[in-house]
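Q: The following block contains a protein sequence and its predicted model.
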Amino acid sequence: MDLIPWTILLLCLFSAQLAHAQENTNYDESNVPNYTLPDPLQTVEGTAVESISEWKFQRRPEILHLFSENVYGNMQHHFDTISFTEISEESALNGAATARQVEIAISRDGQKLNLVLNLLIPNNVSSPAPVTLLINHRGPDNMDISREIKKEFWPAEYIVDRGYVAAVFDVEDLADDNKETYTEDLLEQLYPEELDKPDGMRTISAWAWGAMRAMDYFERAPDIDENRSIVIGHSRGGKTALWTGAQDQRWAITISNESGAGGAALSRRRFGETVQQINSSFPYWFTPNFEKYNNNESALPVDQHMLIACIAPRAVYVASAAEDQWADPRGEYLSLYHGATVFDEIFGIPIPLDEEMPEVNSPVHTSHVGYHIREGEHDLTRYDWEQFLNFADQYFGLE
Ligand code: GTR
């Protein structure tokens with residue numbers, strides 16, 4: 001057979017496969033089912049939540065417990081020892097920054113886990129400097145502090161130039177992003193009992209646990225201002241960033257970039273990736289109980305707007321991309337919109353968001369909540385970082 005028929009045959013096979021993969025996926029707004037979201041401001045028992053103390057001591061812990069039990073698994077926090085070793089430190093970026101590698105070692109019951117943090121710390125700013133932590137699931141090329149390899153995904157020069165510490169860790173130090181080997185690090189070493197529980201931790205919780213250990217280091221590092229801290233992740237990393245920021249109140253700003261299903265997108269919309277699809281492709285990201293909600297989203301006692309609500313009154317930013325329909329940009333925005341009511345109704349912080357989505361490439365930055373949808377595909381780009389740091393400058397009063 002000559003070249004042309006082969007190409008045509010391959011093209012046909014490829015589109016047949018694509019059609020198969022997406023045949024059950026809804027990308028049509030008119031097919032979004034009618035749904036009722038659980039009310040962040042009503043307890044499971046049906047009591048209205050009106051005061052800061054009711055929110056803080058009753059409803060917020062209740063919501064976090066529901067997410068643990070049904071979506072991400074019950075996060076473990078106990079360990080015996082934690083130590084921080086600065087493995088290397090040298091001048092970088094032509095003297096504009098200090099490159100540092102820190103090994104964080106955590107032990108429990110005689111077992112140990114090591115997590116490596118890569119940092120580029122700006123030199124030409126007043127110290128301590130605000131910090132951005134990227135939860136990196138895209139391997140070593142996206143976290144190179146020698147800067148031999150530079151990617152837009154982690155534009156360290158730009159972050160440093162804006163006066164922020166650029167910090168990053170590899171999720172695979174905690175749990176491989178792999179169905180077969182994900183148990184080998186944090187889970188088998190420190191929390192093996194989680195593997196047998198229907199609400200046990202899986203990778204998203206393990207990765208979030210890693211972000212919390214990075215914060216433990218920021219609290220101790222004299223040149224880092226942990227009170228001006230930003231946790232950011234893209235896609236599966238964005239799901240992890242939201243779960244981190246919702247639970248751990250030490251983070252000042254939580255940023256989700258195109259986190260989609262199991263992240264910012266509302267599960268009940270069933271637009272793009274669904275609970276059933278994500279559980280069948282990535283069963284090891286979520287707790288086993290999450291499977292109960294496959295094609296049964298209305299039974300979920302939570303939806304993703306409640307994760308946003310748990311971040312209040314700290315700042316939260318959600319970003320989408322116009323061509324990333326798999327992540328349901330509208331569902332990501334609506335989650336922010338509905339979750340943000342807690343800022344106003346409980347904390348008296350008005351969040352003037354419109355129910356209509358903002359236009360493409362027109363970021364909306366309120367005092368505590370940011371959103372943008374940019375043109376283009378699923379990725380974390382320089383444009384996204386620019387908007388995040390503009391928002392952070394405004395929130396931290398650095399403009
Ligand atoms: C996809 C997955 C999404 C998203 C994405 C990513 O395959 O379906 O939920 O997390 O990967 O992490 O880039």
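A: That came through, no problem. Residues are numbered from 1 along each chain as shown.

Q: need the residues of the chain near the ligand, please.
A: Selection of the chain residues close to the ligand by Cβ under 6 Å from any ligand atom yields S235, R236, G260, A261, E273, I278, S281. Heads up, the C-betas are built off the backbone N, CA and C, glycines and all.

Q: and the fifth one, that one's in a helix?
A: No: secondary structure of E273 (DSSP: H, G, I helix; E, B strand; the rest coil): coil, not part of a helix.

Q: Could you report the separation of it from I349?
A: 32 Å (Cβ to Cβ, to the nearest Å).

Q: Pick out whichever of those two has more residues nearby.
A: Neighbour totals were compared for E273 and I349, and E273 leads with 22 against 16 (other Cβ atoms under 10 Å).

Q: For the chain, give the residue positioned nearest to the ligand.
A: Of all residues in the chain, the one sitting closest to the ligand is S235 (3.1 Å; Cβ to the nearest ligand atom).

Q: What's the per-residue pLDDT of that residue here?
A: Predicted confidence (pLDDT) for S235: 98.

Q: In contact with P288, which residues?
A: Contact partners of P288, counting by Cβ atoms under 8 Å, 6 or more residues apart in numbering, are K197, P198, D199, G200.

Q: and the second one, backbone torsions?
A: Main-chain dihedrals, P198, degrees, to the nearest 10: phi -70, psi -20.

Q: give the contact list for it.
A: T287, P288, N289.

Q: mind giving me CSV with those and columns for pLDDT?
A: Shown next, in CSV, are these (pLDDT from 0 to 100):
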residue, pLDDT
T287, 98
P288, 98
N289, 98
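
Q: Return the closest of the residues you listed with respect to C310.
A: T287 (17.1 Å; Cβ to Cβ).

Q: Save the contacts of P198 as TSV, and put in distance to A392 and secondary structure too.
A: Formatted as TSV, those follow (distance: Cβ to Cβ, whole Å; DSSP: H, G, I helix; E, B strand; the rest coil):
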residue	distance to A392	secondary structure
T287	32	coil
P288	37	helix
N289	35	helix
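
Q: Surely E226 touches E219?
A: Yes: contact criterion Cβ atoms under 8 Å: E226 and E219 qualify, at 4.8 Å.

Q: about what we covered before: for the residues of the chain next to the ligand, which entry has the maximal number of neighbours?
A: Going by other Cβ under 10 Å, A261 tops the residues of the chain next to the ligand with 28 neighbours.

Q: Tell me which two of the contacts of P288 sit farthest apart.
A: Greatest spacing in the contacts of P288, by Cβ to Cβ: P198 and G200 (7.2 Å).

Q: Give the residues shared as contacts by the two.
A: Residues touching both P198 and G200 (Cβ under 8 Å, 6+ apart) are T287, P288.

Q: which residues pair with H234 across the strands?
A: Applying DSSP bridges to H234 gives these bridge partners: N257.

Q: Enumerate every residue touching it.
A: Applying Cβ under 8 Å, 6+ apart, we find H234 in contact with H137, F153, N257, E258, S259, D379, L380.

Q: pLDDT wise, what is the last one at?
A: Model confidence at L380, expressed as pLDDT, equals 98.

Q: same thing with the second one?
A: Model confidence at F153, given as pLDDT, is 98.

Q: Kindly report the same for the fifth one.
A: We note a pLDDT of 98 for S259 in this prediction.

Q: Show me what secondary structure element comes after the worst-scoring helix or strand of the chain on mean pLDDT.
A: Here the helix or strand of the chain ranked lowest by mean pLDDT, DSSP states H and E is helix 3-22, holding a mean of 47. The C-terminal neighbour of helix 3-22 among helices and strands, as given by DSSP states H and E, is helix 52-54.

Q: Show me where this structure has its strands.
A: Along the chain, the stretches classed as strands by DSSP state E are 81-92, 97-108, 111-122, 129-136, 165-170, 224-234, 253-257, 315-321, 364-365, 369-374.

Q: Now the residue of the chain closest to the ligand: closest residue in space, sequence neighbours ignored.
A: In space, and not counting its chain neighbours, S235 is closest to E258: 5.5 Å by Cβ to Cβ, 6 or more residues apart in numbering.

Q: Report the contact partners of the one you found.
A: E258 neighbours (Cβ under 8 Å, 6+ apart): H234, S235, G238, A319, S320, A321, D324, A327, E332, H378, D379, L380.

Q: I'd like the distance from it to G233, if you could.
A: 10 Å.

Q: Low-confidence regions, the protein specifically.
A: Applying pLDDT under 70 to the chain picks out residues 1-23.

Q: residues in contact with the nearest residue to A264 once chain neighbours are set aside?
A: Closest residue to A264 apart from its sequence neighbours, by Cβ to Cβ, 6+ apart: E332 at 4.0 Å. Each residue near E332 by Cβ under 8 Å, 6+ apart is listed here: S256, E258, S259, G260, G263, A264, A265, V318, S320.

Q: didn't A321 look like it was pressed against L380?
A: No: in this structure A321 lies outside contact range of L380 using Cβ under 8 Å: 9.5 Å.

Q: So which of those two has more stuff around it?
A: L380 (28 against 24).

Q: I'd like to know how far the residue nearest to the more buried one when sequence neighbours are not counted sits from G397.
A: Distances taken as Cβ to Cβ, 6+ apart put H234 closest to L380, at 3.9 Å, once the chain neighbours are dropped. In this view, H234 and G397 are 27 Å apart by Cβ to Cβ.

Q: now do I82
A: Using Cβ to Cβ, one gets 32 Å for the distance from I82 to G397.
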